[in-house]
Structure formats: structure tokens, C-alpha cells
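>>> predicted model, plus sequence, below.
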Amino acid sequence: MMMKSSSGKLGKPRPSNMKVNHKITLAARRKIRIRSKVQGTAERPRLSVFRSNKSVYLQVINDEVGKTLAAASSHGMKKAGVKIETAKTVAKELAEKLKKAKVTKLVFDRGSYKYHGRVRAVAETLREQGLEM
């Protein structure tokens with residue numbers, strides 16, 4: 001029997017004893033799904049991207065030891081205008097640190113963000129700098 005649910009869509013009625021977890025947001029689900037597949041090692045550390053409304057933070061992490069190998073951020077940096085340009089500048093800064101640390105391969109962890117905008121700019125800039133992802 002098809003009934004209209006509370007959202008107005010047609011479908012099977014949900015049993016009253018069935019619980020729904022509303023506390024996990026879609027972003028948190030994406031993050032959990034991606035982190036379950038991405039693991040950083042000594043040979044291929046994980047590049048973690050965090051973006052706020054104003055800044056971009058990049059970290060290269062060896063998950064086997066739990067140690068941050070290199071980090072860069074646009075926090076406190078003079079902004080270059082467009083946020084994507086700032087993200088590219090931060091990625092170039094991180095690439096220089098990684099070359100000094102002799103890291104050439106990375107695993108890209110976009111977190112809960114779509115591969116778009118600043119996240120994409122970071123990945124493409126690091127590839128242009130000679131890093132393999």
C-alpha cells in the first residue's frame with residue numbers, strides 16, 4: 001500500500017519503531033566514507049585539506065606514526081584577492097616544503113569537500129609542482 005509520507009513523497013510507510021539518525025550530517029558522512037578508504041603511509045603520506053570561509057589549511061600526515069610531516073596555511077597570509085589564487089599560493093608553499101622533505105607521492109584526502117574550487121586548485125597546483133597524487 002502506497003501512502004504519502006510526512007515529506008510529501010509517495011512510498012511505503014516507515015514502521016513507528018524504526019529510528020533515523022539525524023545527527024550525522026551529509027558532510028560528516030562524506031568525510032567518514034573518504035577517510036575509510038584513504039590511509040597515509042611513510043612512502044605515500046596523506047594530504048589533508050581543510051578550508052574555512054577565509055583560509056585554506058594543508059597538512060601532510062603519516063598515519064602509521066600519526067605525525068605531521070609538513071603543513072601550510074593561508075591564515076595570517078596577505079590575501080591575493082580571489083580565494084582560489086590564495087589556495088594555489090599555499091599549495092606552492094607546501095610543495096617547496098615537501099621537496100625539502102623528499103616527499104614525491106601523496107594520497108589526496110579532500111575531507112568532506114567536493115573536488116571543486118579551492119580543493120581542486122590545491123590538487124592541480126601540487127601536480128603541476130611535480131608531486132604524484
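The structure has been received and is ready for your questions.
>>> closest to the centroid, which residue in this protein?
Geometric centre of the chain, nearest residue: residue 110, 2.1 Å, by C-alpha atoms, centre = their mean.
>>> chain neighbours aside, what residue packs nearest to residue 67?
residue 61 (7.2 Å; C-beta to C-beta, 6 or more residues apart in numbering). From N, CA and C alone the C-beta is placed, and that goes for glycine too.
>>> list the buried residues of the helix or strand harbouring the one you found.
Per DSSP states H and E, residue 61 falls inside strand 56-62. Neighbour counts over strand 56-62 (16 or more other C-beta atoms under 10 Å) mark 56, 58-62 as buried.
>>> again with stretch 119-133
119, 121-123, 125-126, 131.
>>> residue 35: which of the buried residues of strand 56-62 is nearest?
Nearest to residue 35 among those is residue 61, at 11.4 Å by C-beta to C-beta.
>>> how close does that closest one get to residue 22?
Distance, residue 61 to residue 22, using C-beta to C-beta, to the nearest Å: 31 Å.
>>> show me the buried residues of stretch 119-133 that map onto strands.
With strands taken from DSSP state E, there is no overlap with the buried residues of stretch 119-133.
>>> for the helix or strand where residue 94 lies, packing partners?
Element membership for residue 94 (DSSP H and E) is helix 83-100. Packed against helix 83-100, as judged by 3 or more C-beta pairs under 8 Å, 6 or more residues apart in numbering; DSSP states H and E, are the following elements: strand 56-62, strand 67-73, helix 118-128.
>>> what angle do that helix and strand 56-62 make?
30 degrees (axes from the mean of the first three to the mean of the last three C-alpha atoms, to 10 degrees).
>>> contacts for helix 83-100, please.
51, 55-56, 58, 60, 69-74, 77, 79-80, 104, 106, 117-118, 121-122, 125-126, 129-131 (C-beta atoms under 8 Å, 6 or more residues apart in numbering).
>>> how about a cut-off of 7 Å?
Outside helix 83-100, the residues that touch it by C-beta atoms under 7 Å, 6 or more residues apart in numbering are 56, 58, 60, 70, 72-74, 79-80, 117-118, 121-122, 125-126, 129, 131.
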